[in-house]
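>>> have a look at this fold, sequence not included:
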């Protein structure tokens, strides 16, 4: 069986998801290829995975029909559905909702494309993110809907022991753009500096899609943070396991400041590597974080509360260690590649593709 996954660009959480599920599905006999409309920094992580890069509709339809994919899973790029059907493609088309931005943007996009999907797609797929579940139940009552968690392979992405850093590290992962809310990180960093608590701030950025770099650099200078802040661009994905492990053992945390996350892979990856997380309630991360159990929540833009929670995790070692252990166990139990493959194969079977049965 052959499947094709389509997205705009190999970057961020979608690049991680595609790479993870290609491996998971291969183990149950499903061959997967990827198609991106544009090059991106995530190409460095895709060794051994069949990848096409083109935005030419004619070329895309030729690839799909030539390779005879049983199903095409189109993430977000809904405008490709009609050209595929018009080209004579008769396989299944599954529209996947990932990376749609804010709740308002997700509502706008999914309402706008509903007529197209109802006519030309066979099903919709989305993670168990509360706002996405509400939108699909409201506007897609007549479509086949499938919803299950994304996955992560903790055999290859896990905690590793390294020498302990001299000061606690506050890590941050994302792009320099509004939804990731990088300004909140700098506000929290300023509180640590002005109150004399020594920390190192490490920002792991994907600069493929950043849009506010000039403003960012000015604010870092205004807050006098350059002496304790390091920007690390476009690291290979496997290197992030080392970074999260170092942050966790330093006594620090991953700080997630996002407005909205459809899933939030950085949070899950940190948990896999025993790095405690302090996060806004950005919706998608509710699948990972139970407050004071597997992580900590703080209200959006309440920088004093973020400072307090990070400081508590730095100072309260028993609480910190308990959260690290529970978070890592939760990630292993709920987001395994085997569980994802079983749920995905069940979806295919329900759509009549390969008549596969769920094997959980």
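Noted; the coordinates are in hand. Not measured: the values here are computed from a predicted model. Numbers count the residues shown, from 1 in each chain.
>>> out of the helices and strands in this protein, which is least certain?
Averaged element by element with mean pLDDT, DSSP states H and E, the chain has its least confident helix or strand at helix 12-26 (a mean of 91).
>>> helices or strands up against it?
In terms of contacts (3 or more C-beta pairs under 8 Å, 6 or more residues apart in numbering; DSSP states H and E), helix 12-26 is packed against strand 2-7, strand 31-36, helix 237-249, helix 265-272, helix 337-350. From N, CA and C alone the C-beta is placed, and that goes for glycine too.
>>> please repeat the previous calculation with a cut-off of 10 Å.
Contacting helix 12-26 under the criterion 3 or more C-beta pairs under 10 Å, 6 or more residues apart in numbering; DSSP states H and E are the following elements: strand 2-7, strand 31-36, strand 71-75, strand 169-174, helix 237-249, helix 265-272, helix 337-350.
>>> show me how far the third one is from its chain's centre.
Distance of strand 71-75 from the chain centroid (C-alpha atoms, centre = their mean, to the nearest Å) equals 18 Å.
>>> ranges for the helices of this structure?
In chain order, the chain shows helices spanning 12-26, 57-67, 81-86, 103-120, 130-139, 182-194, 213-222, 237-249, 265-272, 303-315, 317-334, 337-350, with DSSP state H as the criterion.
>>> quick one: closest of those to residue 155.
Taking C-beta to C-beta as the criterion, helix 337-350 is the member of the helices of the chain that comes nearest to residue 155, at 8.5 Å.
>>> residue 285 and residue 236, how far apart?
In this structure, residue 285 lies at 24 Å from residue 236, with C-beta to C-beta, to the nearest Å as the measure.
>>> sorry, wrong one. I was asking about residue 85.
From residue 85 over to residue 236 the distance is 38 Å, taken as C-beta to C-beta.
>>> those two: which is more packed in?
Counting neighbours by other C-beta atoms under 10 Å for residue 85 and for residue 236 shows that residue 85 has the greater number, 16 against 10.
>>> for residue 284, which non-adjacent residue is spatially closest?
When the adjacent residues along the chain are set aside, residue 284 lies closest to residue 261, with 3.7 Å between them (C-beta to C-beta, 6 or more residues apart in numbering).
>>> report pLDDT for the one you found.
On the pLDDT scale, residue 261 is placed at 86.
>>> beta partners for it?
Counting by DSSP bridges, residue 261 is bridged to residue 283.
>>> for it, give its distance to residue 113.
Residue 261 is 21 Å from residue 113, where distance means C-beta to C-beta.
>>> domain assignment for the chain?
Structurally, the chain divides into domains by automatic domain parsing as follows: 2-151+336-350, 169-334.
>>> for residue 158, which of those domains is the nearest?
Put simply, out of those the one that sits nearest residue 158 is domain 169-334, at 5.9 Å, with distance taken as C-beta to C-beta.
>>> how long is that closest one end to end?
Separation of the first and last residues of domain 169-334 by C-alpha to C-alpha, to the nearest Å is 27 Å.
>>> count of neighbours near residue 94?
Residue 94: 23 neighbours (other C-beta under 10 Å).
>>> whoops, residue 219 was the one
Here the number of neighbours of residue 219 (other C-beta under 10 Å) works out to 16.
>>> quick check: it touching residue 212?
Yes - using C-beta atoms under 10 Å, residue 219 is in contact with residue 212, at 9.5 Å.
>>> what is in contact with these two at once?
Taking C-beta atoms under 10 Å, 6 or more residues apart in numbering as the contact rule, the neighbours common to residue 219 and residue 212 are 182-183.
>>> tell me the confidence at residue 288?
Residue 288 is assigned a pLDDT of 89 by the prediction.
>>> roughly how far apart are residue 10 and residue 258?
Note on residue 10: its distance to residue 258, by C-beta to C-beta, is 20 Å.
>>> that should have said residue 132, apologies.
Remark: distance between residue 132 and residue 258 (C-beta to C-beta) = 15 Å.
>>> circling back to that earlier point, adding mean pLDDT, mean neighbour count and distance to residue 314 as columns, could you present the helices and strands packed on helix 12-26 in TSV?
Putting the helices and strands packed on helix 12-26 into TSV (pLDDT from 0 to 100; neighbours: other C-beta atoms under 10 Å; distance: least, C-beta to C-beta, whole Å) gives the following:
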stretch	mean pLDDT	mean neighbour count	distance to residue 314
strand 2-7	96	22	38
strand 31-36	96	21	40
strand 71-75	97	22	38
strand 169-174	96	25	10
helix 237-249	95	20	12
helix 265-272	95	27	16
helix 337-350	96	19	33
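>>> can I get these in a markdown table with distance to residue 326?
Conversion of those to a markdown table gives the following (distance: least, C-beta to C-beta, whole Å):
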| stretch | distance to residue 326 |
| --- | --- |
| strand 2-7 | 32 |
| strand 31-36 | 33 |
| strand 71-75 | 31 |
| strand 169-174 | 19 |
| helix 237-249 | 13 |
| helix 265-272 | 9 |
| helix 337-350 | 19 |
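>>> out of the ones you listed, which gets nearest to residue 23?
With respect to residue 23, and counting by C-beta to C-beta, the nearest of those is helix 337-350 at 6.6 Å.
>>> quick one: list the elements packing against that closest one.
For helix 337-350, the helices and strands in contact under the criterion 3+ C-beta pairs under 10 Å, 6+ apart are helix 12-26, strand 71-75, strand 92-96, strand 123-126, strand 145-147.
>>> so which of the ones you listed comes closest to residue 53?
Distances from residue 53 to each of these were compared using C-beta to C-beta; the minimum, 12.7 Å, belongs to helix 12-26.
>>> quick one: low-confidence ranges for the stretch 151-300 of the chain?
Scanning the stretch 151-300 of the chain for pLDDT under 70 picks out 208-211.
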